[in-house]
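**Q** generate coordinates for the sequence data below:
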Amino acid sequence: MNTMVKPRVTTRAEDTRRKIYEAAMELFRERGFEETTMRDIAAKAGVALGGAYYYFSSKDAIVLEFYRVMQEKSSEPILATLAGRKKLKDRICCVLEKRLELLAPNRKFCSALFRHAPDSADPLSPFSDDTRAIRHAAIEHMRIAIDGGDTKVPADLNTRLPYLLWLYQMALIMYWLYDRSSNQENTHRLMEKSLGLLVNLLRVSSLPLMRPLRKTVLELVETAGGQTPRP
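**A** Predicted coordinates for the structure are as follows:
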């Protein structure tokens, strides 16, 4: 019995879709998101304008594909880097560094996209319903980092911590996008110092005396969460 797995055949439609996506990303990097039109993208990809709209209903749809691709590409490297690491600080750092590493070639483009971030009704916002699945996958990486770490996290905090760390990640990415230091060294220094503080706070939070404060912090998180879609 032949058990050889046949290679996946790429269809013409998949090739066309990929060509449009790659043309769009190249133009976004060169000209910027706002300045690029669907007509520009179709011309660069060598397809009719109607063909471009057939595969992507708008520029927003292409950006959502970019988010999805970046998330998928990050998963395997993050999980591989986490393997064998026990210190919680190192594990969270792995997630953050891999994310920044993948985003680096598109840093200028991403900085333009971040103007969409604050409005959860904007489909390109990381808080929108359109990006929910991508957000969930990113939060899951934080959950995996926590679960395999050497720091015991109180049960009441553990359920919300992955989301809180994802928010921390988003804040760090925003800082990184506007960091003008050489090779964004300031971002890496900020990451190192803030992660050390964060892990120490987590250790202290498990003390019985900290339970009332923990409860207050979680209530504040829930109140703030009411202003944006749930993770």
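
**Q** for the helix ranked longest in the chain, which positions count as buried?
**A** What stands out as the longest helix in the chain, according to DSSP state H, is helix 59-82. Neighbour counts over helix 59-82 (16 or more other C-beta atoms under 10 Å) mark 59, 61-67, 70-71, 74, 77-78, 81-82 as buried. Quick note: C-beta positions are derived from backbone N, CA and C, even for glycine.

**Q** now do stretch 100-120: distance from first to last residue.
**A** 23 Å (C-alpha to C-alpha, to the nearest Å).

**Q** now stretch 152-172
**A** Using C-alpha to C-alpha, the two ends of stretch 152-172 sit 24 Å apart.

**Q** adjust the sequence numbering to begin at 3 for everything that follows.
**A** Okay, residue one is now 3; in that scheme the one you just asked about reads as stretch 154-174.

**Q** hmm, who's touching that stretch?
**A** Taking contacts as C-beta atoms under 8 Å, 6 or more residues apart in numbering, the residues outside stretch 154-174 that touch it are 94, 97-98, 101, 119, 128, 137, 140-142, 144-145, 147-148, 189, 192-193, 196, 200, 204, 207-208, 213, 216-217, 220, 223, 233.

**Q** show me where this protein has its helices.
**A** Using DSSP H, helices in the chain cover 14-33, 40-47, 51-57, 61-84, 90-105, 109-115, 134-149, 157-160, 163-179, 187-207, 213-227.

**Q** nearest to D124, out of those helices?
**A** helix 61-84 (8.9 Å; C-beta to C-beta).

**Q** by contact count, what packs against the longest helix of the chain?
**A** Judged by 3 or more C-beta pairs under 8 Å, 6 or more residues apart in numbering; DSSP states H and E, helix 61-84 is in contact with helix 14-33, helix 40-47, helix 90-105, helix 134-149.

**Q** now the shortest one: average pLDDT?
**A** Looking back up the chat, that one is helix 40-47. Per-region confidence: helix 40-47 scores 97 on mean pLDDT.

**Q** what do you get for the last one?
**A** The average pLDDT within helix 134-149 is 95.

**Q** and that helix, what's buried?
**A** I136, R137, A140, I141, H143, M144, R145, I146, A147, I148.

**Q** how close does the fourth one get to A45?
**A** So that's I141. Distance, I141 to A45, by C-beta to C-beta, to the nearest Å: 38 Å.

**Q** repeat for the last one
**A** According to C-beta to C-beta, I148 stands 47 Å off from A45.

**Q** excluding sequence neighbours, find me the nearest residue to the most centrally placed residue in the chain.
**A** When C-alpha atoms, centre = their mean is applied to the chain, the residue found nearest the centroid is A140 (5.6 Å). Of all residues not flanking A140 in the chain, W168 sits nearest, at 5.7 Å (C-beta to C-beta, 6 or more residues apart in numbering).

**Q** how far away is the one you found from L51?
**A** 37 Å.
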